[in-house]
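[1] What follows is a predicted structure for the sequence shown.
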Amino acid sequence: MKKLLKCFGLTALTVVLLLSGLFTHEKKVAASESSNKTSIQGIDLTQRISSVNGIKQKTEGSKQPISDASNKLTQIAKKEGLEVENSYQTYIAYGKKDGKISTGQVTSDSQRIGIQKSSKSVVYLSHTFLGGKVNKVIHGVEISKVVGVRPATLEVQQALCESGYYNKQFTCPHVIRKTFVGGQIKKGAEVHQLLNVDYTSFWKYSGSAIATWAGKPPTLRTLTWTEGLYLTNKKGTFFPVYTDKQSGLDLLAPANV
């Protein structure tokens, strides 16, 4: 923890001041529609803006392990010197009885088992954003598992957005997209973008996926997701998410950089 704080330019005294409520920014925090996430002291990055299909998610509890050796995004991240974390995982399922398409976020093993029992086919997707101390960040989407009948096509896309403010002026120039066909739809198939960074920024990303099966007409926007908010310094290191054990207060981030 000390190394993270030092890397982000935070001293022990700063942390104490932040947690005690005595630290104030020189710049005033702009009023926003997300005022419950901010105060005159800063913003709480533990309050996520995660959603799947427009429904807010409890993100930390639903992260799935992606650190196994066969995971392509893990291999790429480690090779580039980035820090590897668990990923958020979503699914697209083709029902056995009614042939309907269902989608959502994977939240537990029991849920996963239930989905697979009632489905003719299930495609699991991992989507993530990683940083490190090497002036780089990466975002990507990977097929983490295919159960049952393989879809005929699978189209994924994801846009990474950045801003110097936590709640406005986001631009989304970093877009990845790919259509997987037939035998390409398998565990480990992925698309990613590796970016060089030399500036401090807030980040968030959103994506979508569409799967089609032979003999079944395609549907639009089968699955959508949004995840944030992240803050990295000019080296690509994440602002530490830290809660003081005694006071229960979270370490606050600046509202603009």
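    Sure thing, it's come through.

[2] in stretch 105-123, what's buried?
    Within stretch 105-123, the residues scored as buried using 16 or more other C-beta atoms under 10 Å are 105, 106, 107, 112, 115, 116, 119, 121, 122, 123. Where C-beta positions appear, they are placed from N, C-alpha and C, glycine not excepted.

[3] swap in stretch 144-164?
    144-147, 150-151, 153-163.

[4] Mark which of those are part of strands, please.
    144-147, 153-163 (DSSP state E).

[5] Between which two of the buried residues of stretch 105-123 is the distance greatest?
    For the buried residues of stretch 105-123, the farthest-apart pair by C-beta to C-beta is 107 and 121; their separation is 20.1 Å.

[6] My read is that residue 235 contacts residue 134, right?
    Yes. Using C-beta atoms under 8 Å, residue 235 is in contact with residue 134, at 7.3 Å.

[7] Show me the strands paired with the one helix or strand residue 195 maps to, marking each as parallel or antiparallel.
    Using DSSP states H and E, residue 195 sits within strand 190-196. Strand pairing for strand 190-196, using DSSP bridges, gives strand 136-148 (antiparallel).

[8] Burial check on the closest residue to residue 104 other than its chain neighbours, number of neighbours?
    Spatial nearest neighbour of residue 104, chain neighbours left out: residue 52 (5.9 Å); criterion: C-beta to C-beta, 6 or more residues apart in numbering. Using other C-beta atoms under 10 Å, residue 52 is surrounded by 22 other residues.

[9] Next, give phi and psi for residue 52.
    Main-chain dihedrals, residue 52, degrees, to the nearest 10: phi -130, psi 130.

[10] who's it bridged to?
    Residue 52 forms beta bridges with residue 55, residue 225, as assigned by DSSP bridges.

[11] cool, residue 201 as well?
    residue 232.

[12] ok, it - contacts?
    The neighbours of residue 201, taking C-beta atoms under 8 Å, 6 or more residues apart in numbering as the test, are 162, 163, 164, 231, 232, 257.

[13] Confirm for me that residue 135 is in contact with residue 198.
    Yes. Between residue 135 and residue 198 there is a contact under C-beta under 8 Å: 5.9 Å.

[14] any idea where the helices of the chain begin and end?
    Along the chain, the stretches classed as helices by DSSP state H are 2-7, 12-20, 72-79, 109-117.

[15] Could you tell me the least trusted of the ones you listed?
    Among these, helix 12-20 carries the lowest mean pLDDT, at a mean of 39.

[16] that older thread, now render the buried residues of stretch 105-123 as JSON lines, adding distance to residue 92.
    JSON lines is the format used below for the buried residues of stretch 105-123 (distance: C-beta to C-beta, whole Å):
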{"residue": "105", "distance to residue 92": "12"}
{"residue": "106", "distance to residue 92": "11"}
{"residue": "107", "distance to residue 92": "16"}
{"residue": "112", "distance to residue 92": "13"}
{"residue": "115", "distance to residue 92": "10"}
{"residue": "116", "distance to residue 92": "13"}
{"residue": "119", "distance to residue 92": "10"}
{"residue": "121", "distance to residue 92": "8"}
{"residue": "122", "distance to residue 92": "7"}
{"residue": "123", "distance to residue 92": "5"}
